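K.L.:
What follows is a predicted structure for the sequence shown.
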Amino acid sequence: MTFSITAADPKTGKTGVAIASVFPSVGAVCPWASEHVALSTQAWDSGADYGEPLLEMVDRDLTLPSAAEALLKDRPGSQGTQLHGIEANGRTYAYTGEKATEWAGHIVGDDHTAAGNTLAGEDVVTAMSETFTETGGRLTERLVSALEAGERAGGDKRGDNLSAAVLVHADESKLFHNLRVDKPGDPISGLWDAYETAVNHEETAVDRDELEAMWGGEFDDAIMAFPIKY
């Protein structure tokens, strides 16, 4: 049904997650990120019931493994869920329940985790992990490149994805840090289109002289800032 990758960049402090699924609006359900952690809650029994408390617990200095184990313990649906992520300091966690639809599994790297379920095979998560490691550039670019590699390796065994998303937490947020495509067919390519559009907007912002003329003098820099929600 779903494949995803989470990652942390120790040089910049960014955390992020990218995900694609034969499930509508995956970006509204599965990816979560904060200054301390990025994670994905997917497969059966997933969503905000996992994401919100996990972000809160890690933000309060509980480790991701401890927080995840506490949340999964005695939860009836946990055998069917898949949960993985990474803290900003590089500490990882990955869990695939025994009832997650085959093929289901995960890989843990030095600075990332990759996982999926209902996949064509293990090659999907392997391709994501290897591509992320070998790719340079912005964290957003590396995450979407990894997602693209997973799709090329077979992706979901049932066929075309319905949605895809990328979410990156940064001290200075940009429009290309939170992108969703909820269009059946090839939403991962749609992510690239959305990313390029957002980058172009950032790089071609309105000239300060033009804004001063519009505002009739000096203006507060806040009017040029567009902080994103997480």
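P.N.:
Thanks, I have the structure now. A quick note: this is a predicted structure, and the numbers were derived from the prediction, not measured.
K.L.:
What is the neighbour count of K229?
P.N.:
Neighbours of K229 under the rule other C-beta atoms under 10 Å: 5. To be clear about C-beta, it is placed using only N, CA and C from the backbone, and glycine gets the same treatment.
K.L.:
for this protein, which helix is longest?
P.N.:
The longest helix of the chain (DSSP state H) is helix 187-203.
K.L.:
which helices and strands does it pack with?
P.N.:
Using 3 or more C-beta pairs under 8 Å, 6 or more residues apart in numbering; DSSP states H and E, the elements in contact with helix 187-203 are strand 14-21, helix 139-152, strand 163-169, strand 178-181.
K.L.:
can I get those in TSV with mean pLDDT and distance to A67?
P.N.:
Putting the helices and strands packed on helix 187-203 into TSV (pLDDT from 0 to 100; distance: least, C-beta to C-beta, whole Å) gives the following:
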stretch	mean pLDDT	distance to A67
strand 14-21	98	15
helix 139-152	98	22
strand 163-169	98	17
strand 178-181	98	23
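K.L.:
need the ones you listed in CSV with mean neighbour count, can you?
P.N.:
Converted to CSV, those look like this (neighbours: other C-beta atoms under 10 Å):
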stretch, mean neighbour count
strand 14-21, 28
helix 139-152, 24
strand 163-169, 27
strand 178-181, 22
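K.L.:
got those as CSV, with distance to A225 columns?
P.N.:
Shown next, in CSV, are the helices and strands packed on helix 187-203 (distance: least, C-beta to C-beta, whole Å):
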stretch, distance to A225
strand 14-21, 18
helix 139-152, 19
strand 163-169, 16
strand 178-181, 15
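K.L.:
List the residues that contact E212.
P.N.:
Listed by C-beta atoms under 8 Å, 6 or more residues apart in numbering, the contact set of E212 reads E218, F219.
K.L.:
Surely it forms part of a strand?
P.N.:
No - secondary structure of E212 (DSSP: H, G, I helix; E, B strand; the rest coil): helix, not part of a strand.
K.L.:
Relative to F226, how far out is it?
P.N.:
19 Å (C-beta to C-beta, to the nearest Å).
K.L.:
can you check Q82 too?
P.N.:
Per C-beta to C-beta, Q82 is found 33 Å from F226.
K.L.:
Show me which of those two is the more surrounded one.
P.N.:
Q82 (28 against 11).
K.L.:
what's across from the more buried one in the sheet?
P.N.:
Bridge pairing for Q82 (DSSP bridges) gives the partners Q42, T96.
K.L.:
tell me which strands and helices the helix or strand containing H106 is in contact with?
P.N.:
Secondary structure from DSSP states H and E places H106 in strand 105-108. If contacts are counted by 3+ C-beta pairs under 8 Å, 6+ apart, strand 105-108 sits against strand 81-87, strand 92-96, strand 112-117, helix 123-134.
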